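In: Compute the structure for the input listed below.
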Amino acid sequence: MPQVTSALTIPAPATPATTSGAAVGAPGGRRGSRSEFGPLLRTIKEQGLLERRTGWYASGIALNLLALMAVAVGLMLFGHSWWSLSLALPLAVFSARAAFFGHDAGHSQISADRGRNRLIQLLHANLLLGMSQEWWNDKHNRHHANPNHEEKDPDVAPDVLVFNQHQAVGRTGFRGWLARHQAWLFFPLTTLEGLALKVYGFQALFSKDGPRQTPRERAIEGGLLFAHVAGYAALLLATMPVGQAVVFALVHQMLLGLHLGMAFAPNHKGMEVPDPDGEPWGHLRRQVLTSRNIRGAALTDWLLGGLNYQIEHHLFPSMPRPHLRLAQPAVRAHCRSLGIRYTETGPLDSYRQALGHLHDVGKPLRTA
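Out: A predicted model of the protein is given here:
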């Protein structure tokens, strides 16, 4: 299974392009200190935007669980009909909602209690999705610490796709073919994301190089992962013939992967890449210059799980999802006052930039 997850963050040249004209301020210098972030942090705290929204999350989680149960009931009622395949789409959408809640719990957005957040994440990641929460947390936290850093961010490590021309050098055979045509293959590859998350979670569980866990933590994680597989298979096999169940599972997982891929893909592609040999950026510049927001209304917020406010999320990872849009005006104004580029664009333009960059990266292999 190719690692599709690392293909979802795509750096590009140092100055990001925004056809929507939403870039605020100049790119700014490469130096940044904590003093740049301090005033913004005080403003956000004074506005109460770091306070938890337990009720909002409780109602959202409850509604999503009811929606998942409704899909399961629908499968019981219509499972033997091929029309049941239409339920793969809502199941993928609500499965993605579960992923977003697991993501938020991993960032301690839901509760101030670490154990409670872990329980919520285990429920949504391991049990409902079959994805290892410890593997995800380890990988995702390294990404947050150094976004778009080629040596430290696992999301831009060369794997199935490559993100800069020097990563494509020397690729031959099938890997070279992938690099040459990766712009065309990007969206098809995202359909593997749902399956890839499961595979890498199980690999990490049984790997000596996986996240550090106590035997009890590993047993809990493993038990829930196997419970997911058993429950998922039991639901499908109890409601439809084997062949139909296999087709349903493939369609569901491909739609889930595409949904997750399209939610994560716009966040950092085409943004600045830190110079490994240059002076380190401060927190504000490191997170703002490497991230892009996606403009949209309430439906966009819902479909992308709040990740369309990527700048605010990276600046304040523990900020509850419903507060991200409320923090945006203060963050934008602060960046403008410092002359730091704040980038926001539409989703279509974001994908256009991503595919264009992937095409340019593979150019040397096409002309060789």
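
In: okay, CA-based contacts and neighbour counts for the rest of this
Out: Fine.

In: ends of stretch 207-218, how far apart?
Out: 11 Å (C-alpha to C-alpha, to the nearest Å).

In: can you list contacts of that stretch?
Out: 134-135, 138, 204-205 (C-alpha atoms under 8 Å, 6 or more residues apart in numbering).

In: now stretch 92-106
Out: 61, 64, 67-68, 110-111, 117-118, 120-125, 128-129, 133, 137, 252-253, 255-256, 259-260, 305, 318, 320-321.

In: do that again at 7 Å, thanks
Out: Under the criterion C-alpha atoms under 7 Å, 6 or more residues apart in numbering, residues 64, 67-68, 110, 117-118, 120-121, 124-125, 137, 252, 255-256, 260, 305 lie in contact with stretch 92-106.

In: sorry, back to before: for the contacts of stretch 207-218, which entry has the maximal number of neighbours?
Out: residue 134 (25 neighbours; other C-alpha atoms under 10 Å).

In: which one of the contacts of stretch 207-218 sits closest to residue 187?
Out: residue 135 (24.2 Å; C-alpha to C-alpha).

In: picking up where we left off before, let's have the contacts of stretch 207-218 in TSV, adding pLDDT.
Out: Output for the contacts of stretch 207-218, formatted as TSV (pLDDT from 0 to 100):
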residue	pLDDT
134	91
135	92
138	92
204	87
205	85
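
In: Pull the most distant pair out of those residues.
Out: Taking C-alpha to C-alpha as the measure, the contacts of stretch 207-218 span a maximum distance of 12.5 Å, between 138 and 205.

In: The residue nearest the centre of the chain and residue 62, how far apart?
Out: Geometric centre of the chain, nearest residue: residue 264, 3.8 Å, by C-alpha atoms, centre = their mean. Separation of residue 264 from residue 62 (C-alpha to C-alpha) stands at 24 Å.

In: And for residue 107?
Out: 20 Å.

In: swap in residue 98?
Out: 11 Å.

In: Of the two, which one has the most company?
Out: residue 98 (24 against 11).

In: per-residue confidence for that one?
Out: Note on residue 98: pLDDT of 97.

In: I'd like the next helix or strand past the helix or strand harbouring it.
Out: Using DSSP states H and E, residue 98 maps to helix 88-106. Downstream of helix 88-106, the next assigned helix or strand under DSSP H and E is helix 114-121.

In: now that following helix against helix 88-106, angle please.
Out: Orientation check (axes from the mean of the first three to the mean of the last three C-alpha atoms, to 10 degrees): helix 114-121 against helix 88-106 gives 170 degrees.

In: so what secondary structure elements neighbour helix 114-121?
Out: When contacts are defined as 3 or more C-alpha pairs under 7 Å, 6 or more residues apart in numbering; DSSP states H and E, helix 114-121 sits against helix 88-106.

In: let's see it at 10 Å
Out: Judged by 3 or more C-alpha pairs under 10 Å, 6 or more residues apart in numbering; DSSP states H and E, helix 114-121 is in contact with helix 88-106, helix 133-145.

In: Run the chain-centre distance for the first one.
Out: The chain centroid and the centroid of helix 88-106 are separated by 11 Å, computed with C-alpha atoms, centre = their mean, to the nearest Å.

In: ok, now stretch 192-209?
Out: 16 Å.

In: The stretch 201-350 of the chain: helices as residue ranges?
Out: Secondary structure of the stretch 201-350 of the chain, counting by DSSP state H, counting those that start in this stretch: helices at 215-239, 242-264, 283-288, 298-303, 310-315, 321-338, 347-361.

In: Name the residues of the second one that come out as buried.
Out: Residues 244-245, 248-264 are the ones in helix 242-264 that count as buried (16 or more other C-alpha atoms under 10 Å).

In: now the angle from that helix to helix 347-361?
Out: Using the same axes, to 10 degrees: helix 242-264 against helix 347-361 is 90 degrees.

In: how big is the angle separating helix 242-264 from helix 215-239?
Out: Using the same axes, to 10 degrees: helix 242-264 against helix 215-239 is 130 degrees.

In: packing partners for helix 242-264?
Out: So helix 242-264, by 3+ C-alpha pairs under 10 Å, 6+ apart, packs with helix 88-106, helix 182-190, helix 193-206, helix 215-239, helix 298-303, helix 347-361.

In: Would you mark the buried spots in the fifth one?
Out: Of the residues in helix 298-303, those with enough neighbours to count as buried (16+ other C-alpha under 10 Å) are 300-301, 303.

In: What of the fourth one?
Out: Neighbour counts using 16+ other C-alpha under 10 Å place 218, 221-222, 224-225, 227-229, 232, 235-237, 239 of helix 215-239 among the buried residues.
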